[in-house]
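> Could you look at this predicted model? Sequence included:
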Amino acid sequence: MRPFFVGCSAGRGAGAEIAGRSRGRGRTLATMDVDSIMTRDVISTSPNESIRDALVKIEDQEIRHLPVVDDGRLVGMISDRDLREQRLPLMEELDDPDYADNLLSAPISSVMSGDVLSVDTGESLRAAIDLMIEYKVGAVPVVDRDTGRLAGIVSYIDVLRALRPVD
């Protein structure tokens, strides 16, 4: 298992997922790879998108992690937790709406994690699970090592869905 990091700029956070499917069923953890269960149609954002727009995207799509992509390449990651930290308590928003608006208008690049933990498309599912546990993240982006392009994402939900016994 050789995780790699995609460099970028500033920030914090980690993790991305959307509702997936149940490919990979009937195989064992030892024989599954991330490609067999990853979510391929990943909802993402760009480094220049506002925090407000990213919050809306996460809430509307009911996801917890949002990869930051620039020209198809993974450059960062933002989680719902990271974005919630950018919101002020309601009373402060009411007291100073201009300040609240400025916070939410800032670009994602100002709060995203640029050192993104990711796995290669051919990586074993076990390796992805080990990384999620070790780094305490709920999802790991899957990147094509040759092109650096985002290929998908594996979340803890994808893992549970794939490993769930079929009745």
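The structure has been received and is ready for your questions.

> for the protein, what spans make up the helices?
34-37, 51-61, 80-84, 90-95, 97-105, 125-135, 156-163 (DSSP state H).

> Now do the buried residues in the first one.
Within helix 34-37, the residues scored as buried using 16 or more other C-beta atoms under 10 Å are 34-35, 37. In this view, the C-beta of every residue, glycine as well, is placed from N, C-alpha and C.

> Same check on the second one?
Neighbour-count burial for helix 51-61, counted by 16+ other C-beta under 10 Å, picks out 51-55, 57-58.

> again, but for the fifth one
When burial is assessed from 16+ other C-beta under 10 Å, helix 97-105 yields the following buried residues: 100, 103-104.

> Including distance to Asp41 and pLDDT, could those go into CSV?
Listed next are those as CSV, based on distance: C-beta to C-beta, whole Å; pLDDT from 0 to 100:
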residue, distance to Asp41, pLDDT
Ala100, 33, 72
Leu103, 30, 78
Leu104, 27, 81
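
> can I get those residues in a markdown table with distance to Val154?
Converted to a markdown table, these look like this (distance: C-beta to C-beta, whole Å):
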| residue | distance to Val154 |
| --- | --- |
| Ala100 | 35 |
| Leu103 | 31 |
| Leu104 | 30 |
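
> before we move on, the earlier item: out of the helices of the chain, flag the one nearest Val142.
In this view, the helices of the chain are compared for proximity to Val142 by C-beta to C-beta, and helix 34-37 is the closest at 5.3 Å.
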